[in-house]
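Student: can you look at this prediction? I've put the sequence above it.
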Amino acid sequence: MSTFQFVRHTVAANGVATLTMDRPSVHNAFDDQMISELLVALTELQNDEAVRVLVLESTGKNFSAGADLAWMRSMATKNYDENLADAGNLAELMHKLDTFKAPTIAKVQGAAFGGAVGLVACCDMAVAIEKTSFCLSEVKIGLIPAVISPYVVRAIGERASRRYFLTAERFFALEAKALGLLSHVVAEEEFDVTVTNLINTLLQNSPQALNAAKQLIRDVANQPTTPELIAHTSQQIAAIRVSKEGQEGLSAFLEKRTPAWIVATQSSEGQA
């Protein structure tokens, strides 16, 4: 795997990948270099067949302060085309995380501001400590949360977006959970174990089915129930029933035994 300055990524023997933003001196604020590193790391992990779960985390007190101020200052001096290209890189990062093949978990502590809220919204699940705070602060400095808006609006809904996009108020973990941005809010001492338990739950399930289920959600979300969509879903279940893992899962259920993917996971954990 590539070596980076601001990002670390590893894959454990059980297929759990960890992608870590490691720039605590500026509260893990991201600039063009960090965005580039995250993109490369996500591509490498996407192409790694061993990856079954991805955890997005960061070092230090805060998950991420959003955009780096020095980077934003430099972009203010560039023209429209340069800013468009720069925004395109951030958009690609959000899309790549949002469509990552395996289940994704954001592990959020401290503060998540601006674009960092987008990173959380792009993950399938998000666990945060009770005191974690969030802010879509862009309008305070004359900007808008444009690139992250499809993911944040999808996560928290249009009504809440109308409030928090416009007021730039800080809101906290329990509110974020109520809005749908977070799946779990826990005490600090339960942070690591909650994420571990969630990972272990995911590892009980068929890797192929998890990936297919993520694609299924993307295929059917906000779509009218047309004859074409009905046919598509019928094709999807038929295809996975006759697949190797589909056959193994059905056989294991009927024979009241553990499916092979769990046995393989336990075996690889023993070798770690």
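Tutor: It's in.
Student: any chance you could map the strands in the chain?
Tutor: 7-11, 16-21, 53-58, 104-108, 111-113, 125-129, 133-135, 170-172, 184-186 (DSSP state E).
Student: reformat those strands as a markdown table; add mean pLDDT and distance to Leu93.
Tutor: C-beta here means a position set from N, CA and C on the backbone, and glycine is covered the same way. Shown next, in a markdown table, are the strands of the chain (pLDDT from 0 to 100; distance: least, CB to CB, whole Å):
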| stretch | mean pLDDT | distance to Leu93 |
| --- | --- | --- |
| strand 7-11 | 96 | 11 |
| strand 16-21 | 97 | 11 |
| strand 53-58 | 98 | 11 |
| strand 104-108 | 98 | 13 |
| strand 111-113 | 97 | 15 |
| strand 125-129 | 98 | 17 |
| strand 133-135 | 98 | 19 |
| strand 170-172 | 98 | 24 |
| strand 184-186 | 98 | 24 |
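Student: make JSON lines out of those and add mean neighbour count.
Tutor: As requested, the strands of the chain are exported to JSON lines (neighbours: other CB atoms under 10 Å):
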{"stretch": "strand 7-11", "mean neighbour count": "18"}
{"stretch": "strand 16-21", "mean neighbour count": "22"}
{"stretch": "strand 53-58", "mean neighbour count": "24"}
{"stretch": "strand 104-108", "mean neighbour count": "26"}
{"stretch": "strand 111-113", "mean neighbour count": "25"}
{"stretch": "strand 125-129", "mean neighbour count": "24"}
{"stretch": "strand 133-135", "mean neighbour count": "22"}
{"stretch": "strand 170-172", "mean neighbour count": "16"}
{"stretch": "strand 184-186", "mean neighbour count": "20"}
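Student: of those strands, which is nearest Leu210?
Tutor: strand 53-58 (8.5 Å; CB to CB).
Student: for the closest one, packing partners?
Tutor: strand 16-21, strand 104-108, helix 191-203 (3 or more CB pairs under 8 Å, 6 or more residues apart in numbering; DSSP states H and E).
Student: what's the angle between the first one and strand 53-58?
Tutor: This means strand 16-21. Between strand 16-21 and strand 53-58, the angle comes out at 20 degrees (axes from the mean of the first three to the mean of the last three CA atoms, to 10 degrees).
Student: related to what we said a few turns ago, can you list the helices and strands packed on strand 53-58 in JSON lines and add distance to Ala176?
Tutor: Output for those, formatted as JSON lines (distance: least, CB to CB, whole Å):
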{"stretch": "strand 16-21", "distance to Ala176": "19"}
{"stretch": "strand 104-108", "distance to Ala176": "9"}
{"stretch": "helix 191-203", "distance to Ala176": "15"}
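Student: show me the shaky parts of this protein.
Tutor: 1-2, 263-272 (pLDDT under 70).
Student: show me the helices in it, by range?
Tutor: 32-46, 69-76, 80-98, 115-122, 149-167, 173-179, 191-203, 207-220, 227-241, 244-254, 260-271 (DSSP state H).
Student: winner for burial among the ones you listed?
Tutor: Mean neighbour count (mean count of other CB atoms under 10 Å) peaks for helix 115-122 among the helices of the chain, with a mean of 26.
Student: so it versus helix 80-98, what angle?
Tutor: 40 degrees.
Student: with just CA atoms, put helix 115-122 into PDB.
Tutor: Taking Å, rounded to 0.1, in the frame of the first residue of the first chain, the C-alpha atoms of helix 115-122 are listed here in PDB:
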ATOM      1  CA  GLY A 115     -17.000  18.800   4.900                       C
ATOM      2  CA  ALA A 116     -16.400  16.400   7.800                       C
ATOM      3  CA  VAL A 117     -20.200  16.200   8.200                       C
ATOM      4  CA  GLY A 118     -20.300  15.000   4.600                       C
ATOM      5  CA  LEU A 119     -17.800  12.200   5.400                       C
ATOM      6  CA  VAL A 120     -20.000  11.000   8.200                       C
ATOM      7  CA  ALA A 121     -23.100  11.200   6.000                       C
ATOM      8  CA  CYS A 122     -21.400   9.100   3.300                       C
END
